[in-house]
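Visitor: okay, here's the prediction I keep looking at, along with the sequence it came from:
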Amino acid sequence: MNDLPAVLITGASSGIGAVYAERFAQRGHDLVLVARDQSRLEALAARLHTENGVKIDVLRADLTHPQDLEAVSARLRTDARIGILINNAGAAQSGGFLAQSSDSVARLIALNTTAPTQLAAAIAPRLAQSGAGAIVNIGSVVGFAPEFGALVYGATKAFLLYLSQGLRLELGPKGVYVQAVLPAGTRTEIWERAGVDPTTLPDLMDTAELVNAALVGFDRREAVTIPPLHVAERWDALEGARLGLMSDLRQAHAAERYLATR
Ligand SMILES: NC(=O)C1=CN([C@@H]2O[C@H](COP(=O)(O)OP(=O)(O)OC[C@H]3O[C@@H](n4cnc5c(N)ncnc54)[C@H](OP(=O)(O)O)[C@@H]3O)[C@@H](O)[C@H]2O)C=CC1
Ligand SMILES: N[C@@H](C=O)C(=O)O
């Protein structure tokens, strides 16, 4: 019996999720790997089991399909071995808002926001009851930047940051660690999947470097880990400005600048 908590990782068949799987296997954690591509998941599971001796389950699921999402949620609710959820599965979307179809927007929101929210909701009560465990949400710096032009994608990532900060406020006092990880451009298949040629992009971060940095933040129990941000004070200033804005709200009356002049 492994004394370490098992880790359920969504989007584990490639990219950031596959490296998270490798790192947690190397740390001795049993794993539950979730994605759509069963053969890639099984190949990764076999390799990591051989290399690290940990138990690895593969749970094929398309997280945009409610019945698959419920199956993964049920596993999180009922498998007491799972103490860490890595909400990683996600997709990007190229092109402007007007170019998006309603179906593609619905799928992106389902994958990038509904799924991680539902999965967090599935595991959170059990972790809070046990007074331990962790939920890691993979956001993006694009969530700060409507200028980036990935409107719905960025909105889903801004949602994940807000969700993470709120979960931390509610679950942190109950012993559950919540981390938001905000990568910038990282060398994975997300680009080709979104129809973007990665060779046209400026330097992308190596996936292993990203995950290694995210795990430094994880081990430090950092709330928001932004590996590509080299001036950490920028985040502190942003948070300070946000809290300052909230403290300056006087909701009973409109601000003078909005009072009709005639
Ligand atoms: N790469 C980057 O530049 C950045 C990435 N991120 C975020 O990192 C996370 C991981 O993406 P990344 O590793 O880059 O990209 P990849 O495309 O390499 O990995 C995405 C993973 O999600 C899985 N996935 C995609 N759609 C579904 C679905 N409908 N149901 C279940 N699983 C699905 C894929 O597996 P399968 O196809 O087998 O289902 C794959 O394992 C995402 O949330 C992304 O937004 C954030 C900032 C930057
Ligand atoms: N996936 C990338 C953009 O689409 C990112 O989040 O930086």
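Guide: Everything's here; your move. Ligands and ions are numbered 1, 2, ... in the order given.

Visitor: Thr188: how many residues sit nearby?
Guide: Summarising burial for Thr188: neighbours were counted as other C-beta atoms under 10 Å, giving 23. Backbone N, C-alpha and C define where each C-beta goes, glycine included.

Visitor: oh, I was asking about Pro5
Guide: By other C-beta under 10 Å, 19 other residues sit near Pro5.

Visitor: tell me the phi and psi of it?
Guide: phi -70, psi 140 (degrees, to the nearest 10).

Visitor: isn't it up against Leu127?
Guide: No: using C-beta atoms under 8 Å, Pro5 makes no contact with Leu127, being 9.4 Å away.

Visitor: if I look at these two, which residues touch both of them?
Guide: 83, 133 (C-beta atoms under 8 Å, 6 or more residues apart in numbering).

Visitor: now do the contacts for Ala106.
Guide: Residues near Ala106 by C-beta under 8 Å, 6+ apart: none.

Visitor: buried sites along the one helix or strand it maps to?
Guide: For Ala106, the enclosing helix or strand under DSSP states H and E is helix 102-109. For helix 102-109, the neighbour count (16 or more other C-beta atoms under 10 Å) marks 105, 108-109 as buried.

Visitor: turn these into TSV, columns for pLDDT and distance to Asp219.
Guide: What follows is those, written out as TSV (pLDDT from 0 to 100; distance: C-beta to C-beta, whole Å):
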residue	pLDDT	distance to Asp219
Val105	97	37
Leu108	98	31
Ile109	98	32
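
Visitor: and of those, the nearest to Arg75?
Guide: Using C-beta to C-beta, Ile109 is the member of the buried residues of helix 102-109 that lies nearest Arg75, at 22.8 Å.

Visitor: that closest one and ligand 2: what is the separation?
Guide: Going from Ile109 to ligand 2 by C-beta to the nearest ligand atom, to the nearest Å gives 15 Å.

Visitor: wait, that residue sits on Lys157?
Guide: No: contact criterion C-beta under 8 Å: Ile109 and Lys157 do not qualify, at 11.6 Å.
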